[in-house]
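J.: Pasting the sequence and the predicted coordinates here, then a few questions.
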Amino acid sequence: AIITGRGAYYGTVAFKFAIGQGEMQVAGATAAATEYDGKAHTALADSDAISVTLKADKYDANAHIPVTDGYIAPCLGKKLATDGFDSEYMDTFPLQITCKGADGKEYEDANTYTVTNAGSYPFTIMVMAENNSCPSVVIPLTAEVSKKQITVVIADKEKFYGETNPALTWSLASGDAYQDNVLVADDTEEALVISLSTTAKDNSDVGTYAITGTSNSANYEVSFIGNGSDGKSGILTVKQAANSFTTELSCSDYTYAKDETPIPNATAKFGTVTYKYATAASDGTAYTDAIPVNAGIYAVKAYVAATDNYAGLTSDPVVFTINKAASPNIGDEEKSYSYTAGSDGKAISVDIARKLPTDRGTTTYAVAKTDTEQLLSEVTVDTAGNLTYKVNQVDSSKVGKTAIITVTASMENYANAGYTLTISITDKKTVE
């Protein structure tokens, strides 16, 4: 017979007992505790391990069912009150185990509630007699699916100064020590949700910088290893960059003007370009910072000083010319002297240099005369540009005759300038 309700029950064996609508005790209910493997696991670890004891109102001490402290015990699994019955008359008291998940969903059979992904899953089970002849027992449990441990190697990278950072990469650790370091079947690397970053920027100085990783994976606990000093990071090495001129050196010719200087132009991939100059006849060892200002032919070179971040540069020389400015007009003059006195034996002086531009640069002077009548003597010009001459005493036949003195000034910054002085002889005395 099946025990179906409250009352006294008697079998063919020598015992009797009564089940009251009182206490039912449940033991052995445990929740699953496993590591993520991509498979579904029953949240209730083992329903067959659950044992139930019922409190009996009356019992016969000679019964075959063991009774302790008023409880019929223990009965295992899903069948209650099987122990102690003769096999020929085995009576059963079927149990029902239902479940309610944390989301409130109910399951008539607790074994159908499964969990797969890593996390904590609180749920409750309710143990009851199928015929509702005893009060049910509700038990709270929490299933735990831990994250699978995965070790990732952060790859070392390198770049040259000024380059954009390379793509940062990683791989699963392998070798004898990492035999189980694999992803669950059907999972891809995206499941690890790994982000790599570095403190190096595109313009970071030469040196080494850490590459670090983080993971936001739901199912994997990711550990990072690498060649960094902490053993958990990779290394990005920034190396000295090669350098080059991005604009080749040029320098245009121009015509001398006061305060005007050359305008060389060159640009480099890295660094500030500076310039040095030499005369065009230089062998290349005499380049200096002095900027040429006077007319002439010069050479210029472009330079970039080397740093830890980039190599230095020296350009080939470029020759340019500062042409002389147009000749200044310093004017011609005429002077007359009496034939009876001439210059009275005195040397007459004319300051030619004073007539020239002050920025003329280095200047040399040359003098020439046209004096067929021998009216002049001691005609000279010194290095300072002072012209001196004497006018001779002559007879009256020289009246109306002329002599010409020409001084040529050869200047560094201007075309040659000529000064012409015409001397004429009169019959009147000239007052100087």
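T.: In hand now; what should we look at? Numbering: from 1, shown residues only.
J.: any low-confidence regions in the protein?
T.: For the chain, the stretches with pLDDT under 70 are 1-24, 53-95, 129-135, 282-285, 429-432.
J.: I'd like the distance between Leu196 and Tyr298.
T.: 55 Å (CB to CB, to the nearest Å). For the C-beta atoms, the positions are set from N, CA and C on the backbone; glycine is no exception.
J.: The two: which has the busier surroundings?
T.: The residue with more neighbours, out of Leu196 and Tyr298, is Tyr298; 22 against 19, by other CB atoms under 10 Å.
J.: Name the nearest residue to the more buried one, ignoring sequence neighbours.
T.: Pro292 (4.9 Å; CB to CB, 6 or more residues apart in numbering).
J.: which residues does that neighbour contact?
T.: Applying CB atoms under 8 Å, 6 or more residues apart in numbering, we find Pro292 in contact with Thr261, Pro262, Tyr277, Tyr298, Ile322.
J.: among these, which are in strands?
T.: Residues of the contacts of Pro292 located in strands (DSSP state E): Tyr277, Tyr298, Ile322.
J.: now those as JSON lines including distance to Ser349?
T.: Formatted as JSON lines, the ones in strands among the contacts of Pro292 follow (distance: CB to CB, whole Å):
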{"residue": "Tyr277", "distance to Ser349": "40"}
{"residue": "Tyr298", "distance to Ser349": "37"}
{"residue": "Ile322", "distance to Ser349": "33"}
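J.: so which of these comes closest to Ala118?
T.: Tyr277 (73.2 Å; CB to CB).
J.: ok, now how distant is that closest one from Gly312?
T.: Distance from Tyr277 to Gly312, counting by CB to CB: 19 Å.
J.: for Thr124, same thing?
T.: On the measure of CB to CB, Thr124 and Gly312 end up 77 Å apart.
J.: What of Thr114?
T.: 69 Å.
J.: One more: Thr358?
T.: According to CB to CB, Thr358 and Gly312 sit 41 Å apart.
J.: which of Tyr277 and Gly312 has more neighbours?
T.: Shown here are Tyr277 and Gly312; by other CB under 10 Å, Tyr277 has more neighbours (21 against 13).
J.: show me the contacts for Gly207.
T.: So Gly207 contacts Thr237, Val238 (CB under 8 Å, 6+ apart).
J.: rerun that using 6 Å as the cut-off
T.: Gly207 makes contacts with Val238, as judged by CB atoms under 6 Å, 6 or more residues apart in numbering.
J.: repeat for the one 5 residues further on
T.: With CB under 6 Å, 6+ apart as the criterion, the residues that contact Thr212 are Ser233.
J.: Specify the beta-bridge partners of it.
T.: In this structure, Thr212 bridges to Ser197 when assessed by DSSP bridges.
J.: List the single closest residue to Ser204 in space, sequence neighbours excluded.
T.: Per CB to CB, 6+ apart, closest to Ser204 is Val238, 5.6 Å.
J.: what do you get for Tyr337?
T.: That would be Val391: by CB to CB, 6+ apart, it lies 4.4 Å from Tyr337.
J.: That neighbour: neighbour count?
T.: By other CB under 10 Å, neighbour count at Val391 equals 26.
J.: ditto for the one 5 residues further on
T.: The burial metric for Ser396, expressed as a neighbour count using other CB under 10 Å, is 10.
J.: next one: Tyr337
T.: Residues near Tyr337, counting by other CB under 10 Å, number 26.
J.: Check Val145 too.
T.: By other CB under 10 Å, 21 other residues sit near Val145.
J.: Assign a three-state SS to it, would you?
T.: Here Val145 is recorded as strand under DSSP: H, G, I helix; E, B strand; the rest coil.
J.: Buried ones in stretch 221-241, by neighbour count?
T.: Neighbour-count burial for stretch 221-241 flags Val222, Phe224, Ile225, Gly226, Gly228, Ser233, Gly234, Ile235, Leu236, Val238, Ala241 (criterion: 16 or more other CB atoms under 10 Å).
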